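Asker: Prediction below, plus the sequence it came from.
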Amino acid sequence: MATGTLYTYPENWRAFKALVAAQYSGAKIKVVAETPEFIFGQTNKSEKFIAKFPLGKVPAFEGSNGFSLFESNAIAHYVANNSLRGDNIEASAKVQQWISFADSEIVPASATWVFPTLGIVQYNKQSTDRAKEDVKKALGILNEHLKAHTFLVGERVSLADITVVCSLLALYKQVLEPSFRQPFGNANRWFTTCINQPQFKAVLGEVKLCDKMAQFDAKKFAELQPKKDTHCKEKATKENKHHDDKKEKKKEEKKKEEPTAAEEDFDAADEALASEPKAKDPFAALPKSAFVLDEFKRKYSNEDTLTVAIPHFWQHFDKEGWSIWYGEYKYPDELTQIFMSCNLITGMFQRLDKLRKNAFASAILFGENNKSSISGIWVFRGQELAFELSSDWKVDFESYAWRKLDPDSEECKTMVKEYFSWEGAFSHVGKAFNQGKIFK
């Protein structure tokens, strides 16, 4: 049985392949994905890291025996067992076939289509349309194969299923809306079957399938781009200046005749944005509140929690305009490894990104491996449970039991103090504090 450390960053779908495989094989893997142990872009560029993993890429695996590996498929293969790899040479070859299929037919098309919707790369209509057709082709091949098979190879989950599912994750979560995926019923059935297996859920958490195809966000893309350096123009030689002037003149002459490639890209992005209805702010109808959440968040982040932040909270809290809730994960028996339980919290926080302006929370993981629980204190704008105000926020909340607290009660004041400071008896939990995460 393999044991070792996996270096990655949070929510890395490539790392998921190894982690799901480990769930099936029983391999013991420590995940190093967050500060201070791992800072993506720094730790993986250090001399010490490069000495073990020359490409400086993650995920990267270091066995407890000193054996090291990079490339996610190799790591997943190493931590798997023979059942996952294929029980015989034919089955093993089929597993490798589907792994190659994922890398060559799914991943490039997924990146081309999904990345612009995340603001990572510029939108190109021609490339995106081609990627959509490539995704349809790949899903069609899967759909036909799965017409007579429950899983891709044999009668149980293999590395083939794990790899292809992880490669499809971003598509199913971001762009494969119901009408697009409807023709691929067999593939959809297989995908949902896999992600609902306990071994997948322990790593992926609850996966919400796309309700509406995400579109390119031109504003978000612009915000993520580095500012252009105009200093080079000041240093241009007269010859280059003359050349640039001639080019500009030609551009002006041609401008009236046809749009440039860049203009076509922006037109396509604008068209995509125009076709997407503006989401209604679920908090827009609420009256103004004197409690400024951002001010409290600054206090909480920069000053002492017990002596400054919490007193500030109670001094300014508006119980008419805001509410305080206690949430507890309903299925503690399903929590196994501590790092996987942390992934549940992290994943939930990431999916609630658009709620940050109107919410604050401290979620805590109590206990130890195979004997843990998750609970937290949430502060919301208004008097309703905020998750129910938008379909985008409903992914995880049903996995928790929610109780509205009376801000004037001693129970509420004690819980706010304990959960915000990560200190106290936590008498209602019955387990020791392990670690916490803040949503702000």
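Answerer: Right, received. Where do you want to start? Predicted, not measured: the structure shown is a model, and the values here were computed from it.
Asker: SS state for residue 379?
Answerer: Classification of residue 379 using DSSP: H, G, I helix; E, B strand; the rest coil returns strand.
Asker: Assign the residue nearest to it when sequence neighbours are not counted to helix, strand or coil.
Answerer: Once flanking residues are discounted, residue 379 sits nearest to residue 360: 4.6 Å by Cβ to Cβ, 6 or more residues apart in numbering. Every C-beta, even on glycine, is put in place using the N, C-alpha and C of the backbone. Under three-state DSSP, residue 360 falls in the strand class.
Asker: quick check: mean pLDDT across the helix or strand hosting residue 5?
Answerer: Using DSSP states H and E, residue 5 falls within strand 3-7. In this model, strand 3-7 has an average pLDDT of 93.
Asker: Next secondary structure after that strand?
Answerer: That would be, after strand 3-7 and using DSSP H and E, helix 13-25.
Asker: The helix or strand following that next one vs helix 13-25, what angle?
Answerer: The first helix or strand that comes after helix 13-25 along the chain, using DSSP H and E, is strand 28-32. Using axes from the mean of the first three to the mean of the last three Cα atoms, to 10 degrees, one finds that strand 28-32 and helix 13-25 are set 160 degrees apart in direction.
Asker: Buried ones in strand 28-32, by neighbour count?
Answerer: By 16 or more other Cβ atoms under 10 Å, the buried positions in strand 28-32 come out as 29, 31-32.
Asker: Which pLDDT does the model give the residue nearest to residue 379?
Answerer: Model confidence at residue 360 (pLDDT) stands at 96.
Asker: How about the one 5 residues further on?
Answerer: Per-residue confidence (pLDDT) for residue 365: 94.
Asker: Please apply the same query to residue 258.
Answerer: For residue 258, the predicted pLDDT is 42.
Asker: List the strands paired with the strand holding residue 5, with their directions.
Answerer: strand 28-32 (parallel), strand 60-63 (antiparallel) (DSSP bridges).
Asker: send the alpha carbons of that strand over as PDB?
Answerer: The C-alpha trace of strand 3-7 is given here as PDB (Å, rounded to 0.1, in the frame of the first residue of the first chain):
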ATOM      1  CA  THR A   3       2.000   6.100   1.500                       C
ATOM      2  CA  GLY A   4       3.400   9.600   1.000                       C
ATOM      3  CA  THR A   5       2.700  13.300   0.500                       C
ATOM      4  CA  LEU A   6       0.900  14.900  -2.400                       C
ATOM      5  CA  TYR A   7       1.800  18.500  -3.200                       C
END
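Asker: Report the buried residues of it.
Answerer: Applying 16+ other Cβ under 10 Å to strand 3-7 flags 4-7 as buried.
Asker: Let me have the residues you listed in TSV, extended by distance to residue 164.
Answerer: Shown next, in TSV, are the buried residues of strand 3-7 (distance: Cβ to Cβ, whole Å):
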residue	distance to residue 164
4	25
5	26
6	20
7	24
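Asker: still on that earlier bit, looking at the buried residues of strand 28-32, which is nearest residue 52?
Answerer: Distance to residue 52 across the buried residues of strand 28-32 (Cβ to Cβ) is lowest for residue 32, with 12.8 Å.
Asker: where do the helices sit along the stretch 151-300 of the chain?
Answerer: Counting by DSSP state H, counting those that start in this stretch, one finds helices in the stretch 151-300 of the chain at the ranges 159-174, 178-181, 185-195, 198-204, 218-224, 231-234, 238-255, 261-274, 293-302.
Asker: avg pLDDT for the longest one?
Answerer: Translated: helix 238-255. 50.
Asker: cool, the second one as well?
Answerer: In this model, helix 178-181 carries a mean pLDDT of 94.
Asker: Can you tell me what sits against that helix?
Answerer: Helix 178-181 has contacts (Cβ atoms under 8 Å, 6 or more residues apart in numbering) with 139, 172, 187-188, 209-211, 213.
Asker: Swap in 10 Å and give it another go.
Answerer: 132, 135-136, 139, 143, 171-172, 175, 187-188, 191, 209-213 (Cβ atoms under 10 Å, 6 or more residues apart in numbering).
Asker: so which two of the residues you listed are the farthest from each other?
Answerer: Maximum distance among the contacts of helix 178-181 (Cβ to Cβ): 22.3 Å, for 143 and 212.
Asker: number of nearby residues for the residue nearest to residue 379?
Answerer: By other Cβ atoms under 10 Å, the residues close to residue 360 number 22.
Asker: And the residue nearest to residue 440 when sequence neighbours are not counted, how close does it get to residue 360?
Answerer: Excluding the flanking residues, the one nearest residue 440 by Cβ to Cβ, 6+ apart is residue 297, at 4.9 Å. Per Cβ to Cβ, to the nearest Å, residue 297 is found 6 Å from residue 360.
Asker: where do the contact lists of those two overlap?
Answerer: 438, 440.
Asker: Now stretch 69-79: buried residues?
Answerer: 69-70, 72-73, 75-79.
Asker: okay, those residues in TSV with pLDDT, secondary structure and distance to residue 286 next?
Answerer: Output for those, formatted as TSV (pLDDT from 0 to 100; DSSP: H, G, I helix; E, B strand; the rest coil; distance: Cβ to Cβ, whole Å):
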residue	pLDDT	secondary structure	distance to residue 286
69	95	strand	52
70	93	strand	50
72	94	helix	45
73	95	helix	50
75	96	helix	48
76	96	helix	48
77	96	helix	53
78	96	helix	53
79	95	helix	49
